[in-house]
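# sequence first, predicted coordinates after that:
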Amino acid sequence: MADSTPTVITTSTKTGAPTVIADDVHVVYKVNGGSTKGRGSATSALSRIASRKATPGIREVHAVKGVSFVARKGEAIGLIGSNGSGKSTLLKAVAGLLPTAKGRIFTQGQPSLLGVNAALMNDLTGERNVTLGGLAMGMSREEVRDRYDDIVEFSGINEKGDFISLPMRTYSSGMGARLRFSIAAAKSHDVLLIDEALSTGDARFQRRSQERIEELRAEAGTVFLVSHSNGTIKQTCDRAIWLESGILRMDGPAEEVVAAYEEYTKKK
Amino acid sequence: MSQTAAPPAPPAPAQDTRPVDPDQGLDAAELAAKYGLTVSGARPSLKEYVQQLWERRHFISAFATAKLTAQYSEAKLGQIWQLMTPLLNATVYYFIFGVLMGTKQGVPDYIPFLVTGVFIWTFTANSIMSGTRAITGNMGLVRALHFPRASLPIALALQQLQQLLFSIAALAMILVAVGVYPAVSWLIAVPALVLQAMFNTGLSLAMARVASKTPDVSQLMPFVLRTWMYVSGVMWSLPQLMTRSSLPHGLVKVLQYNPAAVYIDLMRFALIHSFKAKQLPPHVWAVAGGWAVLALVAGFIYFWKAEEKYGRG
């Protein structure tokens, strides 16, 4: 049965070795599973305790519903779809940060989500955040020291004065985003997942980050990019996956998929 | 090539690029095996886990220092608060227990006795409290990056240790001010602190796992901790309590061997000359070491057991 079909999967646009295989992936979020405090009224909480319900008020959100694809070395894949369509959730599942409710995701090495901003602290100077972010991504102190100048230069933070020695809370949102992207992009990854990183920053920085993504792709392998800018997807990616309400609507060359997506959004 | 699929996905055509129907699920696994792809997000073995943690040691220390520095960055006096906070704490406790309630009766060098107790207790209490928030308070980080999750409670315990070193500096100032001068015996403080730090780290790890499942624990902990503080002889001498009150002898012995009381007494013994060895319970070092190893090993294994579950779902 299965022995006759493996060639079917490998007939993708690229012939590189696969780096990510998503096999009928379902992701289900549990909302209000206890991590959010003080939800619900006191009386309802009491009645829950009285009635001994094991899972109080947990609502399940079926964010990704049966998505399958094979990503290959050298591909830059854009993920498109309207808000809440499950793009970011899919990325987190590929990164291994969210469990799949059903199906499996096989990956080459450890995919890295470009999510270094979570490690940074607004009260600290940009300087210290570069170190902290680098270490959080698993770089050694030497690596951080070696790349420090490149990171700062790439971010362009110091172009308008010595901002790197100021606390990050004093940065404009664009500056902050630039520094975060620069830190995250300083490391080479097998599979890099980028979630809306390029939406901020001025035109010049966007161009530079596109170049950097191109480099990362050449060095590493596969880049996934979530963006609401169709232009960015067309410029940066050669392949696009369109998700709508957690379902894969279309998978193919970026131009075609973006065109179909634009058609769809115009209709609505 | 490309194809559209209206929800729900229709049966896959022959030239589909995606393995949609269940038969092809097997192919995905085969393909994965062929190129050495693995399913991510599995729990490493205990040995690998310790190794990973060791590789992240620089992150752990940088995270602890960053947290400590960020703490007072909004304040005008800045890092001076590192020293001011413990000093003010000591003043408040002295005013209440030393002056108003007169607990000092029968305890020589009551100020250093009290201040040592408060600082050493605060170290344990704060480590536990920050442990309860280690995972729940850093969910963004846990959901964004891969690293051994134990880094967080360990880093927060380390932050508390750094905080304690500032407190010790304040304590030394107080000691000298009341006429207790540095002596060689102060070096005993080092092993005592190491053991206490091990104990705290273990507890911090355990609490991190408990609170990640049941965040309500952090609401409950202050009450548990306050009770623990009062029975650990932070403000009074437990043996004195025994002579004055009608408490059964056995109970006071049990209280004396509770880890908080043990570490507090060891520190008092190290720093205060009038606190003599005979005031320590027998086999105190063995007990201190036992608590430290037990808490650290048990806490670490308990935390590691749920490693793959933190921040997921």
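Yes, it's here.

# whatever residue of chain A ends up closest to chain B: neighbour count?
Here chain A gets closest to chain B at one residue, residue A:252, 2.3 Å apart by CB to the nearest CB. All C-beta spots, glycine's among them, are computed from the backbone N, C-alpha and C. Residues near residue A:252, counting by other CB atoms under 10 Å in any protein chain shown, number 19.

# tell me the SS of it?
Three-state call for residue A:252 (DSSP: H, G, I helix; E, B strand; the rest coil): strand.

# so it is in contact with residue A:239, correct?
Yes - counting by CB atoms under 8 Å, residue A:239 is a contact partner of residue A:252 at 6.9 Å.

# mind checking pLDDT for the nearest residue to residue B:194 once chain neighbours are set aside?
Distances taken as CB to CB, 6 or more residues apart in numbering or on different chains place residue B:292 nearest to residue B:194, at 8.0 Å, with adjacent residues excluded. Residue B:292 carries a pLDDT score of 95 in this model.

# do residue B:259 as well
As predicted, residue B:259 sits at a pLDDT of 93.

# repeat that for residue A:9.
For residue A:9, the model assigns a pLDDT of 39.

# do the same with the one 3 residues further on
The predicted local confidence for residue A:12 comes out at a pLDDT of 42.

# count of neighbours near the residue nearest to residue B:194?
For residue B:292, the neighbour count with other CB under 10 Å is 22.

# wasn't it part of a helix?
Yes - assigned with three-state DSSP, residue B:292 falls within a helix.

# so what's it up against?
Counting by CB atoms under 8 Å, 6 or more residues apart in numbering or on different chains, residue B:292 touches B:194-196, B:198-199, B:202.

# shaky segments in the stretch 201-313 of chain B?
Applying pLDDT under 70 to the stretch 201-313 of chain B picks out residues B:241-242, B:244-245, B:313.

# can you list the residues of it near chain A?
When proximity is defined by CB under 8 Å from any CB of the partner chain, the stretch 201-313 of chain B lies next to chain A at B:213-216, B:219, B:311-313.

# just the ones of these in helices?
The helices, defined by DSSP state H, take in B:213, B:219 from those.

# buried only: go through the residues of the stretch 201-313 of chain B next to chain A for me.
Among those, the ones that count as buried by 16 or more other CB atoms under 10 Å in any protein chain shown are B:213, B:215, B:311.

# which of the residues you listed sits closest to residue B:305?
residue B:213 (11.8 Å; CB to CB).

# do a quick rundown of the strands in chain B.
According to DSSP state E, chain B carries its strands in the segments B:3-4, B:38-39.

# now the stretch 51-200 of chain A
A:59-72, A:76-80, A:102-107, A:112-113, A:191-195 (DSSP state E, counting those that start in this stretch).

# what about the longest one and chain B, touching?
Meaning strand A:59-72. Yes - against chain B, strand A:59-72 shows contacts by CB under 8 Å from any CB at A:65-66, A:68-70.

# OK, contacts around residue 62?
Unless you meant another one, I'm taking chain A. So residue A:62 contacts A:26-28, A:101, A:246 (CB under 8 Å, 6+ apart).

# sorry, I should have been clearer: chain B.
A:131-132, A:135 are the contacts of residue B:62 under CB under 8 Å, 6+ apart.

# once you drop chain neighbours, what's closest to residue B:269?
Leaving aside its sequence neighbours, residue B:269 sits nearest to residue B:275 (CB to CB, 6+ apart; 5.3 Å).

# residue B:237 and chain A: what is the separation?
Separation of residue B:237 from chain A (CB to the nearest CB, to the nearest Å) stands at 39 Å.

# run a quick neighbour tally on that residue.
21.

# so it is in contact with residue B:279, correct?
Yes - with contact defined as CB under 8 Å, residue B:237 reaches residue B:279; the gap is 7.5 Å.

# shared neighbours of the two, anything?
By CB under 8 Å, 6+ apart, no residue touches both residue B:237 and residue B:279.

# need the strands of the stretch 51-200 of chain A in TSV with distance to residue B:181 and mean pLDDT, can you?
Compiled in TSV, those are given as follows (distance: least, CB to CB, whole Å; pLDDT from 0 to 100):
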stretch	distance to residue B:181	mean pLDDT
strand A:59-72	64	86
strand A:76-80	68	89
strand A:102-107	62	85
strand A:112-113	55	76
strand A:191-195	59	80
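
# how about the closest residue in space to residue B:131 that isn't next to it in sequence, what does it touch?
Leaving aside its sequence neighbours, residue B:131 sits nearest to residue B:204 (CB to CB, 6+ apart; 3.2 Å). The neighbours of residue B:204, taking CB under 8 Å, 6+ apart as the test, are B:127-128, B:130-131, B:134, B:153-154, B:156-157, B:299.

# and with 7 Å instead?
Each residue near residue B:204 by CB atoms under 7 Å, 6 or more residues apart in numbering or on different chains is listed here: B:127-128, B:130-131, B:134, B:153, B:156-157.

# what's the distance between it and residue B:216?
Distance, residue B:204 to residue B:216, using CB to CB, to the nearest Å: 18 Å.

# can I get the strands of the stretch 51-200 of chain A in JSON lines including distance to residue A:90?
What follows is the strands of the stretch 51-200 of chain A, written out as JSON lines (distance: least, CB to CB, whole Å):
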{"stretch": "strand A:59-72", "distance to residue A:90": "5"}
{"stretch": "strand A:76-80", "distance to residue A:90": "7"}
{"stretch": "strand A:102-107", "distance to residue A:90": "9"}
{"stretch": "strand A:112-113", "distance to residue A:90": "11"}
{"stretch": "strand A:191-195", "distance to residue A:90": "9"}
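
# relative to residue A:160, which of those strands is closest?
Residue A:160 lies closest to strand A:191-195 among the strands of the stretch 51-200 of chain A, at 25.7 Å (CB to CB).

# what does that closest one rub up against?
Here strand A:191-195 makes contact (CB under 7 Å, 6+ apart) with A:19-20, A:88, A:91, A:94-95, A:107-109, A:111-114, A:216, A:220-226.

# select only the buried ones of those in PyMOL?
Selection command for PyMOL covering only the buried members of the contacts of strand A:191-195, criterion 16+ other CB under 10 Å:
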select buried, chain A and resi 19+20+88+91+94+95+107+108+111+112+113+114+216+220+221+222+223+224+225+226
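
# and the furthest pair within the residues of the stretch 201-313 of chain B next to chain A?
Spatial extent of those (CB to CB) is set by the pair B:219 and B:312 at 23.4 Å.
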